[in-house]
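J.: Got a predicted structure plus its sequence, pasted below:
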Amino acid sequence: MATSELSCQVSEENCERREAFWAEWKDLILSTRPEEGCSLHEEDTQRHETYHQQGQCQALVQHSPWLVMRMGILGRGLQEYQLPYQRVLPLPIFTPAKMGATKEERADTPIQLQELLALETALGGQCVDRQEVAEITKQLPPVVPVSKPGPLRRSLSRSMSQEAQRG
């Protein structure tokens, strides 16, 4: 599948106001694809010959910074789509309420959060499958204290060196 891309760059600078603008985007993508439903396959068993031909089409996708996307098959016209608005910077996950705002000025709690808070209060803050710590520790294997590795390491190194001398 062959693909060609055309990119665009726009830059503008205003030295007096100390402003600059720069944008780059893939404007045009032209790709060759097999065309569905347009293939030919012949087979001659007497002569042991086969022939296969697959039709191809050129798909065209055009983007613009105005959130318009055009796509279609070259020579058949393009369909235009208006893309949804997308912020350049990520949306803030948490925006704190104003410090001095009264309760009436603050935004209402979202419905999903209200339902979650109601469920927590109905459970009384208790987990249904809650286990005590003692029950959990009973299921664990016993803890074996580790001896100091200093003397063990020396005895190992001596026996290893003695084995090397013997061996």
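T.: Looks like it came in fine.
J.: got any ranges where the protein has weak pLDDT?
T.: Along the chain, the model assigns pLDDT under 70 to residues 1, 86-109, 124-128, 146-167.
J.: Can you give me the neighbour number for the closest residue to residue 6 other than its chain neighbours?
T.: Closest residue in space to residue 6, ignoring its immediate chain neighbours: residue 28 at 4.0 Å, by Cβ to Cβ, 6 or more residues apart in numbering. Where you see a C-beta, it was placed from the backbone N, CA and C, and this is true even at glycine. Per other Cβ atoms under 10 Å, the neighbour tally for residue 28 reads 14.
J.: give me every residue that touches residue 28.
T.: By Cβ atoms under 8 Å, 6 or more residues apart in numbering, the contact list for residue 28 reads 5-6, 60-62.
J.: can you do 10 Å?
T.: By Cβ atoms under 10 Å, 6 or more residues apart in numbering, the contact set of residue 28 is 4-8, 60-63, 70.
J.: So in this structure, which strand runs the longest?
T.: strand 19-44 (DSSP state E).
J.: residues of that strand that come out buried?
T.: residue 29 (16 or more other Cβ atoms under 10 Å).
J.: circling back to that earlier point, among the contacts of residue 28, name the ones in strands.
T.: 4-8, 60-63, 70.
J.: Going through the residues you listed, which ones are buried?
T.: Members of those classed as buried by 16+ other Cβ under 10 Å are 60-63.
J.: Which helix or strand contains residue 116?
T.: Assigned by DSSP states H and E, residue 116 belongs to helix 111-123.
J.: next SSE after that helix?
T.: Next along from helix 111-123, by DSSP H and E: helix 133-138.
J.: Let's see that next one as CSV, backbone CA atoms only.
T.: What follows is helix 133-138, C-alpha atoms only, in CSV (Å, rounded to 0.1, in the frame of the first residue of the first chain):
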residue,chain,number,x,y,z
VAL,A,133,-6.2,-7.9,60.3
ALA,A,134,-5.7,-10.9,62.6
GLU,A,135,-7.7,-13.1,60.1
ILE,A,136,-5.6,-12.0,57.2
THR,A,137,-2.3,-12.6,59.1
LYS,A,138,-3.4,-16.2,60.0
